[in-house]
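Asks: Sharing a sequence plus its predicted fold:
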Amino acid sequence: MDFALIVFWLLALSILAAAWAVVTGSDIVHSVVWLATVFLLTAGIFILAGAEFLAVIQVLVYVGAVSVVILFGIMLTRRTLPGGEYD
Amino acid sequence: MTSLYEWSYWFCEAWLVPLLTPLLYFQEHIMPPFSNPAGDLARWMESDPGLNVLAWSIVVNVALMIGFTNVIIVVYLERKIAGRIMDRRGPMLSFNSLKEIASDLAGSVPEYNWKTTTYAGIGILQNVADGIKFFCKEMIVPAKADRLLYTIGPVIFISSSILLLILVPFSPRIAASSAPLGLLVVMAAFSIAPIGVLTTGWACNNKYTLIGGMRSAAQLMAYEIPLLLSMAGVFLVAGSFSPMDIVAQQQDASQFGIPMWNVIPQFIGFIVFMVCILAEVERIPFDLPEAEAELVEGWTTEIGGLRLGLTFAAEYIRGFVGAMIATVLFLGGWAGPFLPGEIWFLIKVYGILIFFIILRWSVPRIRTDQILLLGWKRLLPLSLLNLAIAILFVEVF
């Protein structure tokens, strides 16, 4: 089997697993971290496809900005800390 | 031997593999009816892909060692210069003082004599003492912390910072990676860290770490845009993202007989870049995420053990890499007369770092409500102005 094909299937299955974890996770902050994992692994697929520039921009924009903005939004809204008391 | 990679390929081919493979071939038939994978490993090492992997691992290790050595020197300089600014001597622990320490530990208090009792030295052993302290610390997971993210968060921060070390070259000879997207990859690696910071701050389940993490995210988000825009001017002039091309362009450019490094035509960009890189590496005018007077230790409050030591090391790595990028982009990189390029590069990098350290012990921290104002209302228009000047420069000259 081709080496690139093995890497592709590894990346694709990890993306599917991480995406499944985003949807089914009970804690929303865990979901965002899994989402960042999905973005990073997608950058890996871009590198495999020979689109290095797209991969770098993917990391710069999606991992560096989009997930941080989502995390930021979650943390600025009212919630209960894991442990009971209000923030 | 033009580059580090070629040298290490030669080293593997001529020395490492011929010395290692006989041992592996000997092991292959150590139990006669069976053979084991050692021989396959040896044959793979002798092939071209195997040699490539070995050579690259040597290159990466050399780059990491050079980087970590520089980090230790920066920590030492920080302490020494801080001491001098405060009119004291800073750390003095040195090999001379080991004898006194040994007798102290044995319990006998030596008679103090200002001529013979010397704790005096240049103080380089203070780093070793720090390292031993971090090794001896216990790593505690707080009872109410989120175990998964508490474990992963610092790892994201530390690993994305260590990745930076192999991406910036010292010179064409000492370079681990010469990717055509060089400095853009550096910025991508820089931009992963906020996730680690925010998740650690959240996972510790402590209000100080949470506030520290949120401040850090707000700051890194606000300052990344002017940072990239001020870099865009240099990319435009050089027509490339690669550090090699950027430095080559600065070496060639000259006006009226003086070298025109990017710092001269794009001075506004240089100022914006320095302010933004200070914010990005969280050094003192912008160290709100770990303001030790307000938030105990910021987002690192609950981290313990060697993980804390590595987090501090990662912050110094980010400072060092920030100075390296500033040198490559604006100060001509390894360009300079007489001395070899690596020496010039280190002189410029350490000049910037010493400036950072003096700044750290001279200016107060920026106020929390002003930090986003500075980022969005002042630096962003200034970086756009710099981009316009760069376009003018490219079009006219």
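Replies: In hand now; what should we look at? Residues are numbered from 1 along each chain as shown, chains lettered A, B, ... in the order given.
Asks: ok, so what distance separates the closest residue to B:L98 other than its chain neighbours from chain A?
Replies: The spatially closest residue to B:L98, leaving aside those adjacent along the chain, is B:L125, at 7.8 Å (CB to CB, 6 or more residues apart in numbering or on different chains). Heads up, the C-betas are built off the backbone N, CA and C, glycines and all. Between B:L125 and chain A the distance is 39 Å, computed by CB to the nearest CB, to the nearest Å.
Asks: how about the residues of chain A near chain B?
Replies: Proximity of chain A to chain B (CB under 8 Å from any CB of the partner chain) is limited to residues A:27, A:29-30, A:33, A:36, A:52-53, A:56, A:59-60, A:63-65, A:67-69, A:71-72, A:75-76, A:81-83, A:87.
Asks: Sort out which of these are in helices and list them.
Replies: Among the residues of chain A next to chain B, the residues falling in helices (DSSP state H) are A:29-30, A:33, A:36, A:52-53, A:56, A:67-69, A:71-72, A:75-76.
Asks: Please identify which pair of the residues you listed lies farthest apart.
Replies: A:E52 and A:L76 (34.9 Å; CB to CB).
Asks: check contacts around residue 72.
Replies: All of this is about chain A. B:L198, B:M214, B:A217, B:A218, B:M221 (CB atoms under 8 Å, 6 or more residues apart in numbering or on different chains).
Asks: Oops, wrong one, chain B.
Replies: Applying CB under 8 Å, 6+ apart, the residues near B:I72 are B:N127.
Asks: could you point out which element follows the one helix or strand it maps to?
Replies: Using DSSP states H and E, B:I72 sits in helix B:48-85. Tracing the chain past helix B:48-85, the next element assigned as helix or strand by DSSP H and E is helix B:98-106.
Asks: I'd like the distance between the spatially most central residue of chain A and B:D40.
Replies: Relative to the mean C-alpha position of chain A, the nearest C-alpha, by CA atoms, centre = their mean, is the one of A:A36, at 2.2 Å. Counting by CB to CB, to the nearest Å, the gap from A:A36 to B:D40 is 38 Å.
Asks: and if you look at B:L331?
Replies: Distance from B:L331 to B:D40, by CB to CB: 50 Å.
Asks: Repeat that for A:V32.
Replies: Taking CB to CB, one finds A:V32 at 43 Å from B:D40.
Asks: And B:W299, by the same measure?
Replies: 47 Å.
Asks: what about these two, which has more around it?
Replies: Between B:W299 and B:D40, counted using other CB atoms under 10 Å in any protein chain shown, the more crowded position is B:W299 (33 against 12).
Asks: pretty sure that one is in contact with B:A291, am I right?
Replies: No: applying CB atoms under 8 Å as the test, B:W299 and B:A291 come out as separate, 10.9 Å apart.
Asks: joint contacts of the two?
Replies: Counting by CB under 8 Å, 6+ apart, the residues touching both B:W299 and B:A291 are B:G212.
Asks: From B:I246, how far out is the closest residue to B:A291 other than its chain neighbours?
Replies: Among residues not flanking B:A291 along the chain, B:R365 sits closest, at 6.1 Å (CB to CB, 6+ apart). To B:I246, B:R365 is 33 Å away according to CB to CB.
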